[in-house]
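Q: Predicted model and sequence below, questions to follow.
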Amino acid sequence: MKSVLIDCDPGLDDAVALLAAFGARSLNVKAITTVAGNVKGPQTAINARIIREAAGRGREIPVCAGAPRPLLRDAVTAEDFHGSTGLGNLPFPSPRLPLSRAHAVNKIIRSCRAAVAAPLTLIVTGPMTNVALALTMAPNITEGIEEIVVMAGADREGGNITPYAEFNVFADPHAAAIVFGAGVPMRCLSLDVTHQIRTTKSRLAQVREIETEQAQIAASLLDASNQLEFSANGARDAPLHDPSTVIAVTRPDLFSGRRVSVSVITEPGEQFGRTVPHSQKDGHIVWYERADSDAVYAALGEHLGAYK
């Protein structure tokens, strides 16, 4: 079983990713850390606790709130794609359990330091602010990190927030530059691959057929994502961004790409937030370019069905 810490900004697709991770029998979720991104920081911390309880989990998996804003740039959010609550304005009850008292950055540092003998995998599905701060404050935590698997960036596919930039990187490009440059083994699910994995009507119907409460919640979240995607840009089938990142951890055989280093454009201008992967035979980052999208959805269904 692989031990993971999930740093996220829930967010509709983050919420589905959390449900998948909690259901995956091959993952041991040690903690959830939250960051400002899809919605403001206080709301992402609420949403993570809502989904933790929807998954039947409690204090054994602490939820720690983190950075309320990016390192340097002004904050941006994505309510157009996630609704004002971040969860598509679906009627979830307020969480019963409180936040952990630990700050997310401190939690990441302590968790990695405690994991030197059996390093953690960090799954990052939001802006990389928390992880960048942790790596800056305590560079030696890399000894306790097996790899970072991140949903971030775009190359040939172009951006989703500007013509060049993907939202998670655009929201804090300076943090992304720190994390990509840290030398830690990484696997990156950019828009180049997540745009290949979309929630079609037939795939949504398959999720609805799974007889667990968590699958039904996931189906509602995926449906809300489709509706907001259509309202925002006319696309009918929303990409499966963050859940694909969890599936890349449980089923890496479903993805393929090339080894690269990644630079991030942090200078003001039209390309601000752009990621530039540079092919490199011994690069520490795997930049995914292809996925078996049907199999990714099958794996998602398996994780959502494992709550039985």
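A: Sure thing, it's come through. The model shown is predicted, which means the values in this text are computed figures rather than measured ones. Residues are numbered from 1 along each chain as shown.

Q: Distance across stretch 51-68, terminal residue to terminal residue?
A: Start-to-end span of stretch 51-68 (CA to CA, to the nearest Å) is 20 Å.

Q: and it, how far from the chain's centre?
A: Remark: stretch 51-68 is offset 15 Å from the chain centroid, using CA atoms, centre = their mean, to the nearest Å.

Q: and what of stretch 182-196?
A: 11 Å.

Q: cool, stretch 87-101 as well?
A: Using CA atoms, centre = their mean, the offset of stretch 87-101 from its chain centre is 18 Å.

Q: Give me the buried stretch members for it, please.
A: 87, 88, 92, 95, 99, 100 (16 or more other CB atoms under 10 Å). For every residue, glycine as well, the C-beta is placed using N, CA and C.

Q: Same question for stretch 241-261.
A: Buried, per 16+ other CB under 10 Å, within stretch 241-261: 241-251, 254-255, 257, 260-261.

Q: What of stretch 56-63?
A: Those would be 57, 61, 62, 63, for stretch 56-63 by 16+ other CB under 10 Å.

Q: Now do the worst-scoring helix or strand of the chain on mean pLDDT: which elements does it pack against?
A: Least confident helix or strand, the chain: helix 79-82 with a mean of 76, by mean pLDDT, DSSP states H and E. Packing partners of helix 79-82 (3 or more CB pairs under 8 Å, 6 or more residues apart in numbering; DSSP states H and E): helix 213-233.

Q: how far out from the middle of the chain is the helix it packs on?
A: That offset, for helix 213-233, works out to 16 Å (CA atoms, centre = their mean).

Q: what residues does that helix touch?
A: 12-13, 15-16, 19-20, 22-23, 54-56, 80-83, 87-90, 199, 204, 207-208, 210, 235-238, 300-301, 304-305, 307 (CB atoms under 8 Å, 6 or more residues apart in numbering).

Q: Now do the helices in the stretch 1-150 of the chain.
A: 12-23, 41-54, 79-82, 104-113, 129-137 (DSSP state H, counting those that start in this stretch).

Q: Tabulate those helices in a markdown table, adding columns for mean neighbour count and distance to residue 182.
A: Shown next, in a markdown table, are those (neighbours: other CB atoms under 10 Å; distance: least, CB to CB, whole Å):
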| stretch | mean neighbour count | distance to residue 182 |
| --- | --- | --- |
| helix 12-23 | 29 | 23 |
| helix 41-54 | 23 | 23 |
| helix 79-82 | 20 | 28 |
| helix 104-113 | 22 | 12 |
| helix 129-137 | 24 | 5 |
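
Q: So which of these is nearest residue 283?
A: In terms of CB to CB, the element of the helices of the stretch 1-150 of the chain nearest to residue 283 is helix 129-137, at 18.2 Å.

Q: So what's the residue count around residue 175?
A: Residue 175 has 28 neighbours, counted by other CB atoms under 10 Å.

Q: which SSE is it in?
A: In the assignment (DSSP states H and E), residue 175 maps to helix 173-180.

Q: repeat for residue 205
A: helix 201-208.

Q: One more: residue 263?
A: strand 255-264.

Q: got a list of contacts for the helix or strand following that strand?
A: Once the chain leaves strand 255-264, the next helix or strand it forms, by DSSP H and E, is strand 275-279. For strand 275-279, contacts defined as CB under 8 Å, 6+ apart pick out 152-155, 165-166, 169, 176, 180, 188, 190, 258-265, 285, 287.

Q: number of nearby residues for the closest residue to residue 20 other than its chain neighbours?
A: Leaving aside its sequence neighbours, residue 20 sits nearest to residue 303 (CB to CB, 6 or more residues apart in numbering; 4.3 Å). When neighbours are defined as other CB under 10 Å, residue 303 has 28 of them.

Q: Point out where the stretch 201-308 of the chain drops to low pLDDT.
A: 232, 235 (pLDDT under 70).

Q: and the gap between the residue nearest the centre of the chain and residue 229?
A: Residue closest to the mean C-alpha point of the chain, counted by CA atoms, centre = their mean, is residue 125 at 1.5 Å. Distance from residue 125 to residue 229, counting by CB to CB, to the nearest Å: 17 Å.

Q: in the helix holding residue 205, what counts as buried?
A: 203, 204, 206, 207.

Q: Also stretch 139-159?
A: 141, 144-155, 157, 159.

Q: Can you show me the strands along the stretch 51-200 of the chain?
A: Along the stretch 51-200 of the chain, the segments classed as strands by DSSP state E, counting those that start in this stretch run 63-65, 120-124, 145-151, 186-189.

Q: what's the first one packed up against?
A: Spelled out, it's strand 63-65. strand 27-34, helix 41-54, helix 104-113.

Q: Which residues does the second one contact?
A: Pointing back at helix 41-54 there. 8-11, 14-15, 18-19, 22, 32, 34-39, 58, 61, 63, 65-69, 85-87, 92-99, 126, 213-214, 217.
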